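Asker: Got a sequence here, can you build the structure:
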Amino acid sequence: MRPMLRDSPYPMLPIEDAQRIIGEHTRLIDSEEIDCCAMLPTAPDGRVLAEDVYATETIPDVPKAAVDGYALQVADNTNERRVLAEIAAGMEQSPVVEPGTAVRIMTGAPIPQGADAVIMVEDTEERAGLLHVQRMVQQGQNIHVVGQDVAHGALVLACGTSLGAAEVGLLATIGRTRIAVARRPRVAVLSTGDEVREPDLPREVGGIRDSNRYALLAAVREAGGEAISLGIARDDEQAQRQAILRGLEQADVLLTSGGVSMGTRDLIKPLLSELGTVHFGRVLFKPGKPTTFATVQDTLVFGLPGYPVSSLVSFEVFVRPALRRMQGAIYPDRPRVQVTLCDTIKAAPDRPEYQRVIVRWEEGQLVAQSTGAQGSSRLLSLRAANALLLVPSGGQVYQAGDRLEALLVGSLVPS
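Answerer: A predicted model of the protein is given here:
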């Protein structure tokens, strides 16, 4: 058993300094080739492109009808036009449109030779094979011109783009089915503590169920990582060392939960000091002051606090951006927005705080409502929260109507 420390050997780093240090040790991960048409939905941010994608053809390759209607010549002032034929998308042959004629055309069909506009079917009447125009169109109206959607040689998707539904559809449109993407970073997650039990096992008096590991595994997957569970390591130096070594063998990133404070059974920091380099062991923020960052050779290691809220907030602030940077994401950080407070918020006297709030659009502005008591152990404060409110230190009381910055971690709630 290690002695209980009275003073931490680690200085208290500002949030920005801690993020900078992590960034200095974060490297791009290698890439792999996948079939984008077989890609299943995974993380909200999707896989990240590891190459620039250029169009090798022009889309559309010929002028096409943008609506269902009739292709005709605008300069033709004939009252009645003979309908020559009907053409649909995919048809290659069609008659030539001349004065006094028109062709019935479906959306996506090639514009026949001689025609210079398409009139919507709603603005016409057809009787006995004759077209009667009720409202004339302008030249070029309702026609998709060559290259309107994609120009040959254009940059379609940039390296670092996160692939969502629209991006996958665009790749299919230009015929790129095989693409290079960043490999998913392998992230091992370890819980520590004699009191921690699997969620489906009986809980002894004073024990806790392991919510942290499962929440972190889910958060890793949402950030685009491949999550690896290392289970629970009891408060024993050898057991935790072996668990850490097992994680280092398998993963690009190792997350531990618990054991980073100053008690006699807080073993993570000393173990990481022996195995690698601890770059910081405390951060000036709340919740999550004892958050630790180390490297063991090329593996990033984050020692996260044992309190459930502290663990997840620390993940959002420090771990998730690193995982997105490893994948080369253009925008690795969550968006920040200005919000108007709905509640009275009291700042902590000594540390900036990330308070859990629900942000919604209301009367032309973003408003933030507190999720209630903000204790580090109260996981309910994260339920339904879609943002972390950045409350500066100093003990100031912010009133309803005041404005602060918030980190959006989820979708906006409807008003």
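Asker: Against which helices or strands is the longest strand that the chain contains packed?
Answerer: If each strand of the chain is counted by residues according to DSSP state E, the longest one is strand 353-362. Here strand 353-362 touches strand 336-341, strand 365-370, strand 387-391, strand 403-408, going by 3 or more CB pairs under 8 Å, 6 or more residues apart in numbering; DSSP states H and E. Yep, even glycine has a C-beta here, placed from its N, CA and C like the rest.
Asker: Mind doing that once more with 6 Å?
Answerer: Counting contacts by 3 or more CB pairs under 6 Å, 6 or more residues apart in numbering; DSSP states H and E, strand 353-362 packs against strand 365-370, strand 387-391.
Asker: mind listing what's buried in it?
Answerer: 353-360 (16 or more other CB atoms under 10 Å).
Asker: For that strand, the averaged confidence score.
Answerer: In this model, strand 353-362 carries a mean pLDDT of 95.
Asker: one step back: so of the helices and strands packed on strand 353-362, which one's packed in deepest?
Answerer: Looking across the helices and strands packed on strand 353-362 with neighbours counted as mean count of other CB atoms under 10 Å, the highest average goes to strand 387-391: a mean of 24.
Asker: Next SSE downstream of it?
Answerer: strand 397-398 (DSSP states H and E).
Asker: before we move on, which element is L245 in?
Answerer: helix 237-250.
Asker: Please compute how far whatever helix or strand comes next after that helix lies from its chain's middle.
Answerer: Next helix or strand after helix 237-250 toward the C-terminus (DSSP H and E): strand 253-257. For strand 253-257, the distance from its own C-alpha centre to the chain's C-alpha centre is 21 Å (CA atoms, centre = their mean, to the nearest Å).
Asker: Of all the residues in the next helix or strand after strand 253-257, which ones are buried?
Answerer: Next helix or strand after strand 253-257 toward the C-terminus (DSSP H and E): helix 268-275. Going by neighbour count (16+ other CB under 10 Å), the buried part of helix 268-275 is 268-269, 271-272, 275.
Asker: what's helix 268-275 packed up against?
Answerer: In terms of contacts (3+ CB pairs under 6 Å, 6+ apart), helix 268-275 is packed against strand 292-296.
Asker: Sheet partners, orientation included, of the strand it packs on?
Answerer: The strands beside strand 292-296 in its sheet (DSSP bridges) come out as strand 277-280 (antiparallel), strand 299-304 (antiparallel).
Asker: Return the most buried member of those.
Answerer: Highest mean neighbour count of the strands paired with strand 292-296: strand 299-304, a mean of 25 (counted as mean count of other CB under 10 Å).
Asker: Adjacent strands (with direction) for the least confident helix or strand in the chain by mean pLDDT?
Answerer: When the helices and strands of the chain are scored by mean pLDDT, DSSP states H and E, strand 208-209 comes last with a mean of 84. Here strand 208-209 has these sheet partners by DSSP bridges: strand 196-197 (parallel).
Asker: Which among the strands paired with strand 292-296 is found nearest to V48?
Answerer: Nearest to V48, of all the strands paired with strand 292-296, is strand 299-304, at 17.4 Å by CB to CB.
Asker: Not counting residues beside it along the chain, what's closest to R104?
Answerer: Take R104 and drop its neighbours on the chain: the residue closest to it by CB to CB, 6 or more residues apart in numbering is E86, 4.1 Å away.
Asker: Confirm that the one you found sits in a helix.
Answerer: No. Read with DSSP: H, G, I helix; E, B strand; the rest coil, E86 is strand and lies in no helix.
Asker: pLDDT score for it?
Answerer: With respect to pLDDT, E86 has a value of 96.
Asker: Tell me, how many residues neighbour the closest residue to A373 other than its chain neighbours?
Answerer: Distances taken as CB to CB, 6+ apart put S381 closest to A373, at 6.5 Å, once the chain neighbours are dropped. Using other CB atoms under 10 Å, S381 has 22 other residues around it.
Asker: distance of S381 from I358?
Answerer: Distance, S381 to I358, using CB to CB, to the nearest Å: 11 Å.
Asker: try L84
Answerer: To I358, L84 is 61 Å away according to CB to CB.
Asker: Q19 now?
Answerer: Q19 is 25 Å from I358, by CB to CB.
Asker: So, low pLDDT: which residues of the stretch 51-200 of the chain?
Answerer: Scanning the stretch 51-200 of the chain for pLDDT under 70 picks out no residues.
Asker: again, only using 80
Answerer: 92 (pLDDT under 80).
Asker: Using the three-state scheme, assign Y214.
Answerer: Here Y214 takes the helix state, with states given by three-state DSSP.
Asker: what about the closest residue to it other than its chain neighbours, neighbour count?
Answerer: Nearest residue to Y214, sequence neighbours excluded (CB to CB, 6+ apart): P199, at 7.0 Å. Neighbour count of P199, defined by other CB under 10 Å: 10.
Asker: Just the buried positions in stretch 133-148, please.
Answerer: The neighbour-count check on stretch 133-148 (16+ other CB under 10 Å) flags 133, 137, 141-144 as buried.
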